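1. Following is a predicted model, sequence given first.
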Amino acid sequence: MTNNSKRTLPLTWFFYRVKITTSTNGFLYFLRHLPLVGAAIPPTVYHLLGVKKFLAVIMAIWRLFWRALLGFGLFLLGFLASDNYFLHIAGIKPATVGLTTSTLLAATAWLTAFAFIRGFVLTDLSVDVPTLKVADQFSLSRQETVQATNLSNLIARSFFQGLLPLAYYAALTSNPWLLVNGVGLFLLPQLWREVLPRLAWQHKHRAWPAAIVFWLIMVAAPLGLALAGRWLLLLTILFSPAVAVVVWVLAGLAFFYWLTFKQEPGLLTKTLMEQKTLGTADEVTQAQKQSAQYLSTGQAMQKKMTLDAPETRRAGRLSGSHYLNALLFARYRRQLRRSLLIRVGIIALIGVAALLAMMLIPGKIRGQANDLTPIYGALFFVMYLASFGRPIVQMLFVNCDAAMLYYPFYRQRRTILSGFFYRFWRTFLLNAGIGLLIFVIFLELLVVMPAAQMTTFYLVLALELLGLVLLFSFHELFVYYLLQPFTADMTVVSPLYKIVYGGMYWVAWSFTQFHLAGYGYAIAIGLIALAYVGIGTIVIYFRAPQTFRVRN
């Protein structure tokens, strides 16, 4: 490693530039695929190497600055631990011990916690697999890459997270041993992280006993003295010249062992084989989780599909895409009806409970019920949760469109529009059942409190519920046809779809946080929903033939 250590800084800077450039290109790719914005960004934007170098410099400076902030922040947590120790264990007021003693104990808590975390190390070499992939792409040595990455991280962490905070507090307390011993104690656990895997490679049966001894000396002994109330003895030992000599000698020996280790290729090969196996499994698991987030309902419905339902025979009288859509909804009619009954049952149960509470507790609840216009905002979130839009979209892609979109006739404008409106109508019927139930529950207020409401409230409520039913029946289908984010292997490749998918929840939730009284909000929701459906239909007519296809 001695000859290769000279390349640490150039290699580190190279890999960092590649990382920033890749992230920048990914962000530009995302922007170029956004509607309207993407059309204004030319492909030549990827060639702005000077801008990417500038970003790399800025991000590198920010990263180092963040390391320093993290170091000072963790040291301040050490002061918190020190004050709590004096109050609850030593029984001393922190203000009476002085700045120097408080700082030394804070440094001890900070260094002990750091050794505690770094001490729980298995015998695996620290390898950054994404960096190694970059090294392979540029035909760079894997061994040099691992060494450069680990050494640069050691230097940056020791300087910005260790040396700077310790130097500041050493100058503040006029105690040089805080700096000398503190840096050594901060450096030693990091070097141990490099020594232990190599020790395990050469002497398998000595590694774990050595790890236990390290943890006992660096963690258990300081904690034992502190809990026993011998904090003054602990500080005297840790920040003494003798310990400084021992710590720096051990750090030097550990660094020398790391530099002169001769069996790096074999250890690196073993580590990569293990990490690649684990990494592949993690990637598969992550992909499955992402797929489940967007298509789990459709895949679950597929397993319960009814092939011989009586409704399927009636669909046989149709032809073309009308037959496909009718057959699909016929086969899933039982599941959709069951889901509707569950939603209706939950809403009815909550509504009946609220009505009974108004009848049995006529005081405060009835007083609040005299003005129910604030409930308009909450209905948006209720309809979002109960809507059939997302389940039907997932059902459509998993069980029909994933296969049929490969046929040219299925992507023709006429076929797309007829299928869209048929699906919209079936979704509307399901959501309308939920909206009608909510309206009926509010009508029951006339029985519980005959003089509580006015006709205007019910007219506006009907307008809002109609608008919400239209909105949530149309929105998911509109986004699906316009973006079609799914691939043949059931993954999502559209970042905009992910934003819209998650953003709709927060929009719906935000309406529950605003106390919107009066009729203006409900009327606006109804009119906006009607306008959204009208404008969206025009957009679908012109854009869906270009966008409604299976993604690569």
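-> Everything's here; your move. Numbering: from 1, shown residues only.
2. the strands in the stretch 201-350 of the chain, which residues?
-> Under the criterion DSSP state E, counting those that start in this stretch, the stretch 201-350 of the chain contains no strands.
3. As a check, name the ranges of all helices in it.
-> Taking DSSP state H, counting those that start in this stretch to define them, one finds helices in the stretch 201-350 of the chain at 204-215, 221-227, 231-238, 241-259, 264-303, 311-315, 320-331, 333-360.
4. same for the first one, what does it pack against?
-> Going back to what we said before, that points to helix 204-215. With contacts taken as 3 or more Cβ pairs under 8 Å, 6 or more residues apart in numbering; DSSP states H and E, helix 204-215 sits against helix 99-119, helix 176-202. Quick note: C-beta positions are derived from backbone N, CA and C, even for glycine.
5. and it with helix 99-119, angle?
-> 160 degrees (axes from the mean of the first three to the mean of the last three Cα atoms, to 10 degrees).
6. Domain map for the protein?
-> When the chain is parsed into structural domains using automatic domain parsing, the resulting residue ranges are 4-262, 303-547.
7. tell me the mean pLDDT for the first one?
-> By that I understand domain 4-262. Averaging pLDDT along domain 4-262 gives 83.
8. next one: the shortest one
-> Model confidence over domain 303-547 averages 79 on the pLDDT scale.
9. what about that domain, distance to the chain center?
-> Averaging C-alpha positions (Cα atoms, centre = their mean, to the nearest Å) puts domain 303-547 27 Å from its chain's average.
10. same check, this time on the longest one
-> Average the C-alpha atoms of domain 4-262, do the same for its chain, and the two points are 25 Å apart (Cα atoms, centre = their mean).
11. could I get the domains of the chain as CSV with mean neighbour count and distance to Thr269?
-> Below are the domains of the chain laid out as CSV (neighbours: other Cβ atoms under 10 Å; distance: least, Cβ to Cβ, whole Å):
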stretch, mean neighbour count, distance to Thr269
domain 4-262, 16, 9
domain 303-547, 16, 32
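12. Output the ones you listed in TSV; the columns should cover distance to Thr271.
-> Shown next, in TSV, are those (distance: least, Cβ to Cβ, whole Å):
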stretch	distance to Thr271
domain 4-262	4
domain 303-547	30
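13. so which of those domains gets nearest Leu272?
-> With Cβ to Cβ, the closest approach to Leu272 among the domains of the chain belongs to domain 4-262: 6.6 Å.
14. so Ala106 makes contact with Leu74?
-> No: when contacts are counted by Cβ atoms under 8 Å, Ala106 is not listed as touching Leu74 (10.2 Å).
15. Just the pLDDT at Gln299, thanks.
-> At Gln299, the predicted lDDT confidence score is 67.
16. circling back to that earlier point, between the domains of the chain, which gets nearest to Met273?
-> When the domains of the chain are ranked by proximity to Met273, the top entry is domain 4-262, at 10.9 Å, counting by Cβ to Cβ.
17. So what touches stretch 105-116?
-> 74-75, 77-79, 81-82, 85-86, 166, 169, 178, 182, 185-186, 188-189, 215, 218-219, 222-223, 226, 231, 234-235, 238 (Cβ atoms under 8 Å, 6 or more residues apart in numbering).
18. circling back to that earlier point, which one of the helices and strands packed on helix 204-215 lies closest to Leu465?
-> Taking these one by one with Cβ to Cβ, helix 99-119 is closest: 55.1 Å.
19. CA atoms only for the closest one, dumped as CSV, please.
-> Output of helix 99-119 as CSV, limited to C-alpha atoms (Å, rounded to 0.1, in the frame of the first residue of the first chain):
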residue,chain,number,x,y,z
LEU,A,99,-15.2,24.3,32.3
THR,A,100,-12.1,22.2,32.1
THR,A,101,-13.5,19.2,34.0
SER,A,102,-16.9,19.4,32.2
THR,A,103,-15.1,19.5,28.8
LEU,A,104,-12.9,16.6,29.7
LEU,A,105,-15.8,14.5,30.7
ALA,A,106,-17.8,15.5,27.6
ALA,A,107,-14.8,14.4,25.5
THR,A,108,-14.7,11.2,27.4
ALA,A,109,-18.4,10.5,26.8
TRP,A,110,-18.0,11.4,23.1
LEU,A,111,-14.9,9.2,22.5
THR,A,112,-16.3,6.3,24.5
ALA,A,113,-19.5,6.4,22.4
PHE,A,114,-17.4,6.5,19.2
ALA,A,115,-15.3,3.5,20.3
PHE,A,116,-18.5,1.7,21.3
ILE,A,117,-19.9,2.1,17.8
ARG,A,118,-16.7,1.3,16.0
GLY,A,119,-15.9,-1.5,18.4
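20. can you give me the angle that helix makes with helix 231-238?
-> Interaxial angle of helix 99-119 relative to helix 231-238 (the same axes, to 10 degrees): 70 degrees.
21. Tell me the helix or strand right after helix 99-119.
-> Using DSSP states H and E, the helix or strand that follows helix 99-119 towards the C-terminus is helix 129-137.
22. what's the angle from the helix or strand just after that next one to helix 176-202?
-> In the C-terminal direction, the helix or strand that comes right after helix 129-137 (DSSP H and E) is helix 142-156. Between the axis of helix 142-156 and that of helix 176-202 there is an angle of 160 degrees, by the same axes, to 10 degrees.
23. What lies in contact with the helix or strand that comes right after helix 142-156?
-> Toward the C-terminus, helix 142-156 is succeeded by helix 164-173 as the next helix or strand (DSSP H and E). Residues outside helix 164-173 that contact it (Cβ under 8 Å, 6+ apart) are 68, 71-72, 74-75, 99-100, 103-104, 107, 176, 178-179, 182-183, 186.
24. repeat that with 10 Å
-> Residues from elsewhere that reach helix 164-173 (Cβ atoms under 10 Å, 6 or more residues apart in numbering): 67-68, 70-76, 78-79, 98-104, 106-107, 110-111, 158-159, 163, 175-183, 185-186.
25. Report the angle between it and helix 176-202.
-> Using the same axes, to 10 degrees, helix 164-173 lies at 150 degrees relative to helix 176-202.
26. Output helix 164-173 in PDB, but only the C-alpha positions, please.
-> Provided in PDB are the C-alpha atoms of helix 164-173 (Å, rounded to 0.1, in the frame of the first residue of the first chain):
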ATOM      1  CA  LEU A 164     -11.100  20.500  14.800                       C
ATOM      2  CA  PRO A 165     -13.500  20.000  17.800                       C
ATOM      3  CA  LEU A 166     -10.700  18.800  20.000                       C
ATOM      4  CA  ALA A 167      -8.400  21.600  19.000                       C
ATOM      5  CA  TYR A 168     -11.100  24.200  19.700                       C
ATOM      6  CA  TYR A 169     -11.900  22.900  23.200                       C
ATOM      7  CA  ALA A 170      -8.300  22.300  24.000                       C
ATOM      8  CA  ALA A 171      -7.600  25.900  23.300                       C
ATOM      9  CA  LEU A 172     -10.600  27.000  25.200                       C
ATOM     10  CA  THR A 173      -9.600  25.000  28.300                       C
END
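27. rewinding a little: figure out which of the helices of the stretch 201-350 of the chain is closest to His33.
-> Checking the helices of the stretch 201-350 of the chain against His33 by Cβ to Cβ gives helix 264-303 as the closest, at 17.6 Å.
28. nearest spatial neighbour of Met383, skipping sequence neighbours?
-> Nearest non-adjacent residue to Met383, counting by Cβ to Cβ, 6 or more residues apart in numbering: Leu468, 4.3 Å away.
29. separation between that neighbour and Tyr532?
-> Taken as Cβ to Cβ, to the nearest Å, the spacing of Leu468 relative to Tyr532 amounts to 11 Å.
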